[in-house]
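# the following block contains a protein sequence and its predicted model.
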Amino acid sequence: MTNEVQQFDVVVIGGGPGGYAAALYGASAGLNVAIIERDKVGGTCLHRGCVPAKEFLETAHVRRTVEHASTFGISTKGVAVDFSVSQARKNEIVERLYKGLSGLIKGRKITTFAGTGRLDADGSVSVVDGADAGVVAKGTNVILAAGSVPRTLPGFDVDGTVVVTSDEFLDLGALPATAAVIGGGAIGCEFASMLADMGTTVTILEALPTILTGCDTEVATVVGRAFKKRGIDIKTGVSITGHTPKKGKTTIAIEGADDVTVDMIVMSVGRRPRTEGLLGDGTGVEINERGFVVADGNMRTANPHVYAVGDVVAGTPQLAHVGFAEAIVAIKTILGEPAIPVDYDRVPWAIYSNPEVAFCGLTEASAKEKGYEIVVKKDPFGGNSRAQIIGDTEGVVKIIAEKRADGTAGQILGVHMAGPWVTEQLGAGYFAVNWEATAEEAAALIQPHPSLSETFGETLLALAGRGLHVS
């Protein structure tokens with residue numbers, strides 16, 4: 001196919017969440033769209049990230065449930081995990097979703113090219129390798145959605161056996177007896193939680209003073225307390241200097257502290273944009289000092305016909321659902337339709353550790369930093385009837401609102417949760433924050449009983465001034 005040139009309304013480089021969402025949304029509006037993908041559509045999220053990780057976390061949840069079945073009067077004798085079965089189940093789920101996504105793309109007549117795309121001048125995208133190497137897809141508009149890859153640290157070369165990132169971890173056939181998770185952010189806490197619930201002895205090594213930096217302090221405290229109860233050793237404020245493998249194990253050197261010896265190191269220190277080789281000469285697209293593409297609120301780069309969405313974009317949270325939203329903004333802008341830029345301070349976050357974490361909007365600390373006078377109310381899950389029924393009462397709902405001149409709670413600024421299934425409960429809080437509801441407006445809405453979501457409702461009532469069970 002060398003030197004073959006094809007013309008499209010939109011050419012999308014990358015078929016992950018941001019890329020395929022842009023393609024599907026654009027095609028549904030009648031645009032002639034092409035996707036260039038080096039691996040499989042679905043990207044990291046579907047094949048090596050969100051979906052596989054959550055399957056393993058669900059396996060861990062099932063094991064935890066069975067272990068405590070006796071409290072419900074159900075007798076079990078020993079709980080063993082055949083991780084290869086969970087691995088096979090994960091692969092089945094991923095393959096089923098991949099086929100469904102591929103069918104959607106085909107059904108909307110989106111052209112796909114296999115290979116790595118490089119944007120050149122005048123909207124030409126060259127496929128530089130893969131099955132369609134040599135193809136040139138020219139777009140009236142181009143969307144950069146090349147995604148990201150895991151970061152690592154100097155001295156911790158990934159070998160897939162002793163040192164792994166999320167990519168390699170999610171393909172393991174068996175779990176280690178002991179593991180150190182380097183990084184106590186969202187991804188690190190998910191891996192640590194899953195490993196501990198599957199029987200692995202886990203140590204978290206975090207350079208910052210606390211785990212889950214960026215979360216509300218009280219939410220992070222709930223998770224840290226729950227982790228310690230389950231035997232997870234959390235070491236914060238540490239500086240690691242390297243590791244020494246020996247006889248199937250490795251010893252991690254920590255500056256000013258005792259070494260840690262484990263079977264496996266799981267690197268969870270963030271992700272970097274995949275922008276190497278993404279741009280040829282004369283594109284007019286700006287890349288910042290950290291390798292991210294610079295884009296405005298409408299996802300347009302310095303080149304007015306080139307957009308960027310997803311993990312490659314500077315200053316945005318690397319979340320699949322944010323990529324979806326950015327894709328819609330980019331396509332609407334291309335179509336000349338009104339587009340509401342993503343408000344990154346109000347996007348929903350979901351962390352699937354045990355306990356789960358979900359939040360949106362300002363934390364108590366960030367609200368104060370922005371100069372708000374605030375009112376804060378919180379309610380633990382311990383008093384929630386449904387939480388007691390399911391036997392999972394660790395957690396809290398915390399809501400932050402702007403304080404009015406008379407001292408009452410006004411606009412809701414942030415909703416923060418830790419506890420059972422809070423990732424499925426954040427929707428109401430997300431709408432409250434993004435529709436700029438007041439405490440009274442949101443508190444007037446009814447929550448079902450008995451339900452976990454009642455804790456959110458109870459907190460709102462207290463915030464509005466008269467709580468039933470919360471003062």
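Sure, I can see it. These numbers come from a predicted model, not from an experiment.
# for the helix or strand harbouring L463, name the packing helices and strands.
Here L463 sits within helix 454-464, counting by DSSP states H and E. With contacts defined as 3 or more CB pairs under 8 Å, 6 or more residues apart in numbering; DSSP states H and E, the packing partners of helix 454-464 are strand 374-380, helix 385-390, strand 396-403, strand 409-419, helix 426-434, helix 439-443. For glycine as for every other residue, the C-beta is placed from the backbone atoms N, C-alpha and C.
# so which of the ones you listed gets nearest P273?
helix 426-434 (26.4 Å; CB to CB).
# by contact count, what packs against the closest one?
On a contact count with 3+ CB pairs under 8 Å, 6+ apart, helix 426-434 meets strand 356-361, strand 409-419, helix 454-464.
# report the angle between that helix and strand 396-403.
Inter-element angle recorded for helix 426-434 and strand 396-403: 10 degrees (by axes from the mean of the first three to the mean of the last three CA atoms, to 10 degrees).
# helix 426-434 - what's its average pLDDT?
Average pLDDT, helix 426-434: 97.
# now mean pLDDT too, for the helices and strands packed on helix 426-434, in a markdown table please.
Converted to a markdown table, those look like this (pLDDT from 0 to 100):
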| stretch | mean pLDDT |
| --- | --- |
| strand 356-361 | 98 |
| strand 409-419 | 98 |
| helix 454-464 | 96 |
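# out of these, flag the one nearest A180.
For these, proximity to A180 was assessed by CB to CB; strand 356-361 is nearest, at 21.7 Å.
# neighbouring contacts of that closest one?
The set of residues external to strand 356-361 that reach it, using CB atoms under 8 Å, 6 or more residues apart in numbering, is 186, 212, 215-216, 219, 223, 345-351, 400, 412-423, 425-426, 429-430, 433-434.
# so how do I select the buried members of the residues you listed in ChimeraX?
In ChimeraX, a selection of the buried entries from those looks like this (16 or more other CB atoms under 10 Å):
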select :186,212,215,216,219,223,347,348,349,350,351,400,412,413,414,415,416,417,418,419,420,421,422,423,425,426,429,430,433
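# out of the helices and strands packed on helix 454-464, flag the one nearest I334.
Among these, if distance is taken as CB to CB, the winner is helix 426-434, at 24.1 Å.
# angle of that closest one against helix 454-464?
Using the same axes, to 10 degrees: helix 426-434 against helix 454-464 is 30 degrees.
# ok, and what's touching helix 426-434?
Here helix 426-434 makes contact (CB under 8 Å, 6+ apart) with 343, 346, 348, 350, 358-361, 399, 412-415, 417, 437, 442, 445, 447, 453, 456, 460.
# still on that earlier bit, for the helices and strands packed on helix 454-464, which one sits closest to T76?
It is, among those and with distance given as CB to CB, helix 385-390, at 17.4 Å.
# okay, buried residues for that closest one please.
Under the neighbour-count criterion of 16+ other CB under 10 Å, helix 385-390 has R386, A387 buried.
# mean confidence score for it?
pLDDT averaged over helix 385-390 gives 96.
# from Y430, how far off is V219?
Separation of V219 from Y430 (CB to CB, to the nearest Å) stands at 16 Å.
# for this protein, what helix or strand is lowest in average pLDDT?
Least confident helix or strand of the chain, by mean pLDDT, DSSP states H and E, is helix 166-169 with a mean of 91.
# if we can go back for a sec, any chance of a markdown table for the helices and strands packed on helix 426-434, columns distance to I35?
Formatted as a markdown table, these follow (distance: least, CB to CB, whole Å):
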| stretch | distance to I35 |
| --- | --- |
| strand 356-361 | 30 |
| strand 409-419 | 36 |
| helix 454-464 | 39 |
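# domain assignment for this structure?
5-150+273-344, 163-269, 355-464 (automatic domain parsing).
# would you format those as TSV with distance to D157 included?
Formatted as TSV, the domains of the chain follow (distance: least, CB to CB, whole Å):
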stretch	distance to D157
domain 5-150+273-344	13
domain 163-269	7
domain 355-464	31
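# for those, which one sits closest to F156?
When the domains of the chain are compared for distance to F156 using CB to CB, the nearest one is domain 163-269, at 5.4 Å.
# residues in contact with G199?
Residues in contact with G199 (CB under 8 Å, 6+ apart) are V81, L175.
# wait, a strand at it?
No - with DSSP: H, G, I helix; E, B strand; the rest coil as the criterion, G199 is located in coil rather than a strand.
# nearest residue to the residue nearest the centre of the chain other than its sequence neighbours?
The residue lying closest to the centre of the chain (CA atoms, centre = their mean) is L319, at 4.4 Å. Among residues not flanking L319 along the chain, V347 sits closest, at 6.7 Å (CB to CB, 6 or more residues apart in numbering).
# what's near enough to touch the one you found?
Contacts of V347 by CB under 8 Å, 6+ apart are P317, L319, H321, V322, A325, C360.
# need the strands for the stretch 51-200 of the chain, in chain order.
111-114, 117-119, 124-127, 136-144, 148-150, 163-164, 178-182 (DSSP state E, counting those that start in this stretch).
# for these, which one ends up most surrounded?
Of all the strands of the stretch 51-200 of the chain, strand 117-119 has the most neighbours on average by mean count of other CB atoms under 10 Å, namely a mean of 26.
# pLDDT of it, averaged?
Rounded mean pLDDT across strand 117-119 is 97.
# ok so, going back, mind checking which of the contacts of V347 land in strands?
Those of the contacts of V347 mapping onto strands are C360, per DSSP state E.
# please produce TSV containing the contacts of V347, extended by distance to K377.
As requested, those are arranged in TSV below (distance: CB to CB, whole Å):
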residue	distance to K377
P317	26
L319	27
H321	27
V322	28
A325	29
C360	16
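# and which of the contacts of V347 is nearest E373?
Using CB to CB, C360 is the member of the contacts of V347 that sits closest to E373, with 20.7 Å.
# what pairs with that closest one across the strands?
As for beta bridges, C360 partners with V415 under DSSP bridges.
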